[in-house]
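J.: for reference, the sequence and a predicted model appear below.
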Amino acid sequence: SKDTDKHGRIIADKSQSSDKLREAQDKMYERYGTTRNNTFDINQIREAKHPVLWKMGNDWGLEDIYVKIHNQRPGQIFTYHLDKSSSGYRGAQTYADVDPEKIVRLFIFLDDWRPGQHICLGQTQLYWKRGDVLWFDWQNAAHGTANCSHYDRPMLLITGIKTQKFLEKFYKFTKVEIQA
């Protein structure tokens, strides 16, 4: 059976178990030459538990947001890939019925770049400062990450549906202030 949200979008397909989804993800990681544990760590942000981080995500004006910490520890790597999923806080089906052009994923760097930390978009190696905001065509632009430094590389990832408020805000600001 399938559940839907207030917009009629599919929330979860209960006919496909989370075990089968996890198995499919593990096969994907295997195809990329890695494992789930060797790529990055994800921590979902909930408004009640993490109000400051949630506010950082919510302030962008995206609709139906999913906020998470994406941390890559030293030694972790995610090979060159495309993100074709539409996953969010309700799992793989969160944005399944939304036009992919309307789904936005922002990457907010929570620490400065350090030697040995790599994010490659196409043929471009990125360097960043704490508070820098990255938005790119993550569904169609090949990218990969690796951390061979001695420090974690944390980012706040915000996924949601594009709104006019978001576009006005994004093109106005290029950096967010992060309180220590």
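T.: Everything's here; your move. Numbering: from 1, shown residues only.
J.: looking at strand pairing, list the partners for the residue nearest the centre of the chain.
T.: Closest residue to the average C-alpha location of the chain: L157 at 4.2 Å, with Cα atoms, centre = their mean. In this structure, L157 bridges to K68, F107 when assessed by DSSP bridges.
J.: now for it: which residues touch it?
T.: V67, K68, I69, H70, R105, L106, F107, I108 (Cβ atoms under 8 Å, 6 or more residues apart in numbering). For every residue, glycine as well, the C-beta is placed using N, CA and C.
J.: let me know the pLDDT of it.
T.: We have a pLDDT of 90 for L157.
J.: can you start the count at 32 instead of 1 from here on
T.: In the new numbering, first residue 32, that becomes L188.
J.: before we move on, the earlier item: how about the contacts of L188 in TSV, adding neighbour count?
T.: Shown next, in TSV, are those (neighbours: other Cβ atoms under 10 Å):
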residue	neighbour count
V98	27
K99	19
I100	17
H101	18
R136	18
L137	24
F138	18
I139	25
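J.: distance of L165 from L141?
T.: 12 Å (Cβ to Cβ, to the nearest Å).
J.: again with I192
T.: Distance from I192 to L141, by Cβ to Cβ: 24 Å.
J.: next: N74.
T.: Using Cβ to Cβ, we find N74 at a distance of 12 Å from L141.
J.: shared neighbours of those two, anything?
T.: With Cβ under 8 Å, 6+ apart as the test, N74 and L141 both reach I100.
J.: so what's H181 closest to, chain neighbours aside?
T.: P105 (5.8 Å; Cβ to Cβ, 6 or more residues apart in numbering).
J.: next, the contact list for that neighbour, please.
T.: For P105, the contact set (Cβ under 8 Å, 6+ apart) comprises G147, N178, C179, S180, H181, Y182, D183.
J.: now the chain, which segments are flagged as low pLDDT?
T.: Regions of the chain meeting the criterion pLDDT under 70 cover residues 32-53, 56, 67-69, 115-125, 204-211.
J.: before we move on, back to that, from the contacts of L188, pick the one nearest G92.
T.: Ranked by distance to G92 (Cβ to Cβ), the contacts of L188 are led by L137 at 11.0 Å.
J.: report the buried residues of stretch 164-176.
T.: By neighbour count with 16 or more other Cβ atoms under 10 Å, stretch 164-176 contains the buried residues V164, L165, W169, H174, T176.
J.: I appreciate the help and will end here.
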